[in-house]
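In: Please find the sequence and the predicted model below.
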Amino acid sequence: MVHSGSNRLASFARRVPLEIKAAVWDCDGDRAPGPDGFNFTFIRHFWSILEKDFVEVLKQFHLTAVEDVLQWSWSREPDSGQEVTELTSCLNLMYRCKLGLNTDVWLWEADSSKRFSVKSARRLIGGHSDTSDRLGFVWNKWIPLKVNIFGWSLFLNRLPSKDALAARNIHIDSQLCPFCDEVTETLDHLFSACRFANEVWAGVSSWLKIPPIFAFGYKDILLFHCSLRTSKRGSKLIQAILLISCWMLWKARNKLIFEKSNSSANGVIGEIKPVGFLWIKHRAKSLGINEMNWSRFDLL
């Protein structure tokens, strides 16, 4: 609301001091109106000293000039302890605010230009990188986007395994692992504990000429490349192949459940090699991949 100010101020000066005192006395003595910690018992005790400051603060808020153009006021003054508390809290929040007539704009503090960009956001995240679940999965450009999304979902434990479906009260005929038919299918079991998965990892590690892959959970598979003593390029290549292997394991699992089509560990490995060759060869041309060095894996 916009007012000339003089009449409102005169009315304020006559009525408000008594109303403010009544409102302060109406408040719970243990409550503090601001972050300084002084409660209303303290304010009442020293009211003879603080009354003038209280009235002045509310008067300034009641009629505050904004760039000498607008003057704002409430339609009425606070008339209860709760309203005084809320008004004081509002004053504390607005103390450092500068009001103006210009259009509001968003400012991105992470960049000197104050403008948001994906590059500055990535730089901000990279500067606080860690190995937690929030930032532990690194996307790999040498494999298709769908495999990266699959790997990210696996890392976050978001794939629809049988135990996850049962936890959401989705009816399934059996919660047992489709490969071994012995224990409940969880992502940890499916990708690391199942005999079928272990046979696949034994064949993959033998082909890649890396130490045997022993994992206690699916995250050990996804982060296995980080433990290898190899170049950055070699680590990225191993990660790409392990993600493709997880993808193929999941596909074999789905074929068995939905199509009743059995797969062998050697069959899954036989799919990993040609699919990985086609995907990685055309996305990582600097590696100089050909059929010979791929089959022998002379790339590290």
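Out: Cool, the structure landed. Numbers count the residues shown, from 1 in each chain.
In: Please list all residues in contact with the closest residue to Leu300 other than its chain neighbours.
Out: In space, and not counting its chain neighbours, Leu300 is closest to Gly234: 4.5 Å by C-beta to C-beta, 6 or more residues apart in numbering. Just so you know, the C-beta spots here come from the backbone N, C-alpha and C atoms, and that holds for glycine as well. By C-beta atoms under 8 Å, 6 or more residues apart in numbering, the contact list for Gly234 reads 228, 299-300.
In: Heading C-terminal from the host helix or strand of Ala166, find the next helix or strand.
Out: Assigned by DSSP states H and E, Ala166 falls within helix 162-167. Once helix 162-167 ends, the next helix or strand along the chain (criterion: DSSP H and E) is helix 187-188.
In: ok, then the element right after that next one?
Out: That would be, after helix 187-188 and using DSSP H and E, helix 195-208.
In: and that next one, what other elements does it pack with?
Out: helix 232-258, helix 265-281 (3 or more C-beta pairs under 8 Å, 6 or more residues apart in numbering; DSSP states H and E).
In: Make CSV out of those and add distance to Lys141 and mean pLDDT.
Out: Shown next, in CSV, are these (distance: least, C-beta to C-beta, whole Å; pLDDT from 0 to 100):
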stretch, distance to Lys141, mean pLDDT
helix 232-258, 9, 96
helix 265-281, 10, 96
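In: Would you tell me which one of the ones you listed is buried the most?
Out: Stretch with highest mean neighbour count among these: helix 232-258 (a mean of 19; mean count of other C-beta atoms under 10 Å).
In: Kindly calculate the angle that that helix makes with helix 265-281.
Out: Helix 232-258 and helix 265-281 are oriented at 130 degrees to each other (axes from the mean of the first three to the mean of the last three C-alpha atoms, to 10 degrees).
In: Helix 232-258: how far from the chain's middle?
Out: Chain-centre distance of helix 232-258: 25 Å, with C-alpha atoms, centre = their mean, to the nearest Å.
In: Kindly calculate the angle that that helix makes with helix 195-208.
Out: Using the same axes, to 10 degrees: helix 232-258 against helix 195-208 is 150 degrees.
In: Can you get me a residue count around Ser205?
Out: Using other C-beta atoms under 10 Å, Ser205 has 17 neighbouring residues.
In: Let me see the contact set for it.
Out: Taking C-beta under 8 Å, 6+ apart, we find Ser205 in contact with 211-213.
In: Lys281 too?
Out: Counting by C-beta under 8 Å, 6+ apart, Lys281 has contacts 287, 289, 294.
In: can we see that at 6 Å?
Out: The neighbours of Lys281, taking C-beta atoms under 6 Å, 6 or more residues apart in numbering as the test, are Ile289.
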